[in-house]
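**Student:** Sequence and predicted structure, then a few things I'm wondering about:
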Amino acid sequence: MKQKKTITELYRRNTWAYLLLLALLIAFIFIGNPDLGYVALGLYLIIFIYTLYFQFHSRDQWETMVEDLRLRVEEGHVSAYLNMPLPVLLVDEDGMILWHNSKFKNILDRETGFIGQNVETVFSPWNWKQMLEGGYFFDQPLGEKHYKVFRSTSQSKGMNVYTLYWYDETEFSNLKQSYVDEMPLAIYIQLDNFDEVVKETDENRLPFLLSGINSAIRQWALDHQGILHRIDEDEYVILVENRYMESMELKKFTIIDDVRKIEEGNRFPMTLSMGVSIDGENFSERDSGSQKALELALGRGGDQVVVRRNNNYEFFGGRSKNVERKSRVKSRVVAQGLAGLIKESERVYIMGHNYGDMDSFASTIGMYRCCL
């Protein structure tokens, strides 16, 4: 509007300047030749009257054109809102609903409208003031649907009006969730006290014990649609989808108790440790994380499950009170690590305390025997 006024005033200013110059010219003509001056004056009056008519008529035409354009734009906005393929919601600064289209009413499955209600009433978890301070995009689930909402701001009668456009992202959200649910995980299992239990079990009953343990682990894997692979006589790995982790955790990994309850002539129960990692951008990283989680479970004494998630560890199980078993498991883990270091070294230096005692002396002899 400011630009329109500037152009109009500039045009008028130039027109009156031309008329003033023409009037001065006619005055000079009067001085030189009065008869010719009267003729020029008549022509000047005709030009002056026509200029006045043209000025006022042009202004009326311009104002009519601007008003017509404004009405067309407003009609276009209204038509765009009414024919918008997306659900649309107009809200004022206080969160009161000013208007919505029929598609918005349909997504809430309501026969009546919401005009005049507050958005915090329609959407109870909403905090309108906090939402205005947040970003222009936010997620909003509605029943089985998932929407991405975009907020834009406009001015009307000196106040802010917010338009919320609702885009249905249910298909994309379901696809994203399917990707997370179908993510493959590797669960590593190790029987903590396998050697000790086998040694203390009658050889006639031992096949039944091992068969019962294998069957229990295999059935647990099948219950979660997993693929079981036996790595060694006391080690397993299960490939399973991430969707079953929630069920496993809710049931506290019942396989630990199931294996512990198996009795086939064994003097004390068999226990197992498990490790699984959900962290990792690919299966290789998750597989490596699962092995580390198993090592952590064994280092803590076994008879438990360690789950790595969001760079943190969660622990399940560990109900056994057999202190001797935990000590043996931990000792075996340390012994295996120490044996690996000795095999990789060309020379091993054994040093006791500065002031030797019986424990130090016995330890040096033990280390010497390990190196032979």
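**Tutor:** Sure thing, it's come through.
**Student:** For the rest of this, base every contact and every neighbour count on C-alpha atoms.
**Tutor:** OK.
**Student:** State the mean pLDDT of the longest strand seen in the chain.
**Tutor:** Taking DSSP state E as the criterion, the chain has its longest strand at strand 145-156. The average pLDDT within strand 145-156 is 85.
**Student:** how close does E285 get to Q291?
**Tutor:** Between E285 and Q291 the computed distance is 10 Å (CA to CA, to the nearest Å).
**Student:** So for the two, which sits in the more crowded spot?
**Tutor:** Comparing E285 with Q291 by other CA atoms under 10 Å, the one with more neighbours is Q291, at 20 against 13.
**Student:** separation between the more buried one and D181?
**Tutor:** Distance from Q291 to D181, by CA to CA: 21 Å.
**Student:** try E144
**Tutor:** On the measure of CA to CA, E144 and D181 end up 17 Å apart.
**Student:** higher neighbour count, these two?
**Tutor:** Higher neighbour count among E144 and D181: D181, with 14 against 7, using other CA under 10 Å.
**Student:** Can you classify the closest residue to that one other than its chain neighbours by secondary structure?
**Tutor:** Distances taken as CA to CA, 6 or more residues apart in numbering place R243 nearest to D181, at 4.3 Å, with adjacent residues excluded. At R243 the chain is in helix, as set by DSSP: H, G, I helix; E, B strand; the rest coil.
**Student:** V240 is in what secondary structure piece?
**Tutor:** In this assignment (DSSP states H and E), V240 forms part of strand 235-241.
**Student:** all helices of this structure, in order?
**Tutor:** Assigned by DSSP state H, the chain shows helices spanning 2-32, 34-82, 102-107, 119-122, 128-133, 170-181, 194-200, 206-223, 245-250, 255-260, 283-299, 323-344, 358-371.
**Student:** what does the fifth one contact?
**Tutor:** It stands for helix 128-133. Residues outside helix 128-133 that contact it (CA atoms under 8 Å, 6 or more residues apart in numbering): D94, G95, V119, E120.
**Student:** so the closest residue to V305 other than its chain neighbours bridges to which residues?
**Tutor:** Spatial nearest neighbour of V305, excluding adjacent residues (CA to CA, 6+ apart): M274 at 4.6 Å. Applying DSSP bridges to M274 gives these bridge partners: I189, V305.
**Student:** Hmm, M274 is touching A297, no?
**Tutor:** Yes. The criterion here is CA atoms under 8 Å, and M274 meets it with A297 at 6.9 Å.
**Student:** quick one on the thing from earlier: counting by contacts, list what the longest strand of the chain packs against.
**Tutor:** The contact analysis (3 or more CA pairs under 8 Å, 6 or more residues apart in numbering; DSSP states H and E) places strand 145-156 against strand 137-142, strand 159-168, helix 170-181.
**Student:** which stretch among those comes nearest N33?
**Tutor:** Of all those, strand 159-168 sits nearest to N33, with 66.8 Å by CA to CA.
**Student:** Tell me the strands beside that closest one, with direction?
**Tutor:** Using DSSP bridges, strand 159-168 pairs in its sheet with strand 88-92 (antiparallel), strand 145-156 (antiparallel).
**Student:** As a markdown table, those with distance to L43 and mean neighbour count would be great.
**Tutor:** Below are these laid out as a markdown table (distance: least, CA to CA, whole Å; neighbours: other CA atoms under 10 Å):
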| stretch | distance to L43 | mean neighbour count |
| --- | --- | --- |
| strand 88-92 | 61 | 21 |
| strand 145-156 | 51 | 14 |
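**Student:** Can you say which of those is nearest to G134?
**Tutor:** The nearest among those, by CA to CA, is strand 145-156 at 10.2 Å.
**Student:** which residues sit against that closest one?
**Tutor:** Residues outside strand 145-156 that contact it (CA under 8 Å, 6+ apart): 136-141, 160-170, 173.
**Student:** so it versus helix 170-181, what angle?
**Tutor:** Angle of strand 145-156 versus helix 170-181, following axes from the mean of the first three to the mean of the last three CA atoms, to 10 degrees, is 130 degrees.
**Student:** May I have strand 145-156 as CSV, with CA atoms only?
**Tutor:** Taking Å, rounded to 0.1, in the frame of the first residue of the first chain, the C-alpha atoms of strand 145-156 are listed here in CSV:
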residue,chain,number,x,y,z
LYS,A,145,-2.7,-42.8,13.4
HIS,A,146,0.5,-40.7,13.7
TYR,A,147,0.6,-37.1,12.5
LYS,A,148,3.4,-34.6,11.8
VAL,A,149,2.0,-31.1,12.7
PHE,A,150,3.4,-28.0,11.1
ARG,A,151,2.6,-24.6,12.7
SER,A,152,2.7,-21.3,10.8
THR,A,153,2.0,-17.7,12.1
SER,A,154,0.0,-14.9,10.6
GLN,A,155,-1.5,-11.5,11.7
SER,A,156,-5.2,-10.7,12.0
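**Student:** Thanks a lot, catch you later.
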